[in-house]
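Novice: this one's structure only:
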């Protein structure tokens, strides 16, 4: 009541003020809205074709028929994807794009030849319904939205992975992550169950993200690696993303990290699968024990990726090849192809590590002098 009495003397002009507000609102409504900002234009800088073991790349390029420099939009990518699928030439095909900050876009054309369907050996789609607390799902959705917004501004934001999960330098995002470290352990069992059994792929992907913040990093490897065979790409991507910092911890500790599911992911027919698999393998490569199996079972795919136009796939693959072989071929693809040929034939020998520099002998002390 005190507040009301204080403003009571000013009540009489109110109708005039309301009329002004309504008039202003009407005028604003009649004024043309500000023109929306034009979305940035991304132009095609390269096309990478993977999985065409029988069909010449020239045939595939002839089907999609798009030239470098063409503006790439979601509609263009969908149209190209449908165009390739309608030919019926492949057991599976997918055209996707990756855009970079320099306004360049790269197309990945993934195909599975008929007769090579074993590359599509995913788990059956789950059919269950698992009740996950809404508050934790809401929290991870807010986190993912904040992550996306930060990426638009700071695509190279630093993240700490020393403890087996992501902790961003950005304080706002870090608060979400630290809260998940509190929420996930008490909901661990239901998150694992939902990741394995729930029919909603969005929920499964969110559970895979949350499980990256599980307390027991050794135990959580099992359900996350199982999710690498999920039939939905986004679920596989979330699981692989959560495994990256755990792989770092494994390579620097005694935590065992089964390699087979990651190597299988590398051979799946989608650009995202290959990229995520290489990210995990890069962390594991800090442990030399993993070098031989990666060389033997992933060398061919890595050499193919190292020749890609898409910068992220190319550079990470070259880095991984350099680590697991000890060779310093840089971007010389002829040498990397020759290496893979020798690796398959069993004739490649790892280079000898450089000898440590010899210690310089200290200068001899001057001869002692004796005064006479």
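Specialist: Noted; the coordinates are in hand. It should be emphasised that the depicted structure is a prediction, and the values quoted were computed from it without experimental measurement.

Novice: Can you give me the neighbour number for residue 41?
Specialist: Residue neighbour count, defined by other C-beta atoms under 10 Å, stands at 10 for residue 41. For every residue, glycine as well, the C-beta is placed using N, CA and C.

Novice: Show me what the nearest residue to it once chain neighbours are set aside is bridged to.
Specialist: Distances taken as C-beta to C-beta, 6 or more residues apart in numbering put residue 71 closest to residue 41, at 5.4 Å, once the chain neighbours are dropped. In this entry, residue 71 is beta-bridged to residue 43, by DSSP bridges.

Novice: Double-check residue 230 against residue 236; I have them as touching.
Specialist: Yes. The pair residue 230 / residue 236 is scored as a contact, 5.3 Å apart, by C-beta atoms under 8 Å.

Novice: Run through this protein and note the low-pLDDT ranges.
Specialist: 1-39, 155-157, 356-372 (pLDDT under 70).

Novice: got the contact list for the residue nearest in space to the middle of it?
Specialist: Geometric centre of the chain, nearest residue: residue 276, 5.0 Å, by C-alpha atoms, centre = their mean. Contacts here follow C-beta atoms under 8 Å, 6 or more residues apart in numbering; on that basis residue 276 touches 236-237, 240-241, 244, 265.

Novice: what's the closest of these to residue 121?
Specialist: Nearest to residue 121 among those, counting by C-beta to C-beta, is residue 265 at 11.7 Å.

Novice: what helix or strand is the closest residue to the closest one other than its chain neighbours on?
Specialist: Setting aside the residues directly before and after it, residue 265 is nearest to residue 277 in space (C-beta to C-beta, 6+ apart), at 4.2 Å. If you go by DSSP states H and E, residue 277 is part of helix 271-284.

Novice: can you list contacts of the helix or strand that that helix is followed by?
Specialist: Using DSSP H and E, the helix or strand that follows helix 271-284 towards the C-terminus is helix 291-306. Outside helix 291-306, the residues that touch it by C-beta under 8 Å, 6+ apart are 50, 259, 263, 266-267, 274, 278, 281, 284-285, 313-314, 316-318, 320-321, 323-325, 331, 333, 336-337, 339-340, 343-344.

Novice: Among these, which ones are in helices?
Specialist: Mapping the contacts of helix 291-306 onto helices (DSSP state H) picks out 263, 266, 274, 278, 281, 284, 313-314, 316-318, 320-321, 323-325, 333, 336-337, 339-340, 343-344.

Novice: The helix holding residue 277: how far from the chain's middle?
Specialist: Relative to its parent chain, helix 271-284 has a centroid offset of 8 Å by C-alpha atoms, centre = their mean, to the nearest Å.

Novice: what inclination does it have with respect to helix 291-306?
Specialist: Calculated by axes from the mean of the first three to the mean of the last three C-alpha atoms, to 10 degrees, helix 271-284 forms an angle of 140 degrees with helix 291-306.

Novice: so where do the strands sit in the stretch 101-250 of the chain?
Specialist: 104-113, 159-160, 167-168 (DSSP state E, counting those that start in this stretch).

Novice: ok, residue 266 touching residue 272?
Specialist: No. Residue 266 lies out of contact with residue 272 (C-beta under 8 Å); the separation is 11.6 Å.

Novice: ok so, going back, what's the farthest-apart pair in the contacts of residue 276?
Specialist: Longest span within the contacts of residue 276, C-beta to C-beta: 236 and 244, 13.2 Å.

Novice: For the two, indicate the residue with more neighbours.
Specialist: The neighbour comparison of residue 236 against residue 244 (other C-beta under 10 Å) goes to residue 236, with 25 against 21.

Novice: picking up where we left off before, Produce a PyMOL select command limited to the buried residues of the contacts of helix 291-306.
Specialist: With 16 or more other C-beta atoms under 10 Å as the criterion, this PyMOL line picks the buried residues out of the contacts of helix 291-306:
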select buried, resi 50+259+263+266+267+274+278+281+284+285+313+314+316+317+318+320+321+323+324+325+336+337+339+340+343
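
Novice: Share the number of residues neighbouring the nearest residue to residue 193 once chain neighbours are set aside, please.
Specialist: Excluding its sequence neighbours, the residue lying closest to residue 193 (C-beta to C-beta, 6+ apart) is residue 130, at 5.2 Å. Using other C-beta under 10 Å, residue 130 has 19 neighbouring residues.

Novice: same check, this time on residue 338
Specialist: Neighbour tally, residue 338, other C-beta under 10 Å: 14.

Novice: Distance of it relative to residue 197?
Specialist: Computed as C-beta to C-beta, to the nearest Å, the residue 338 to residue 197 distance reads 48 Å.
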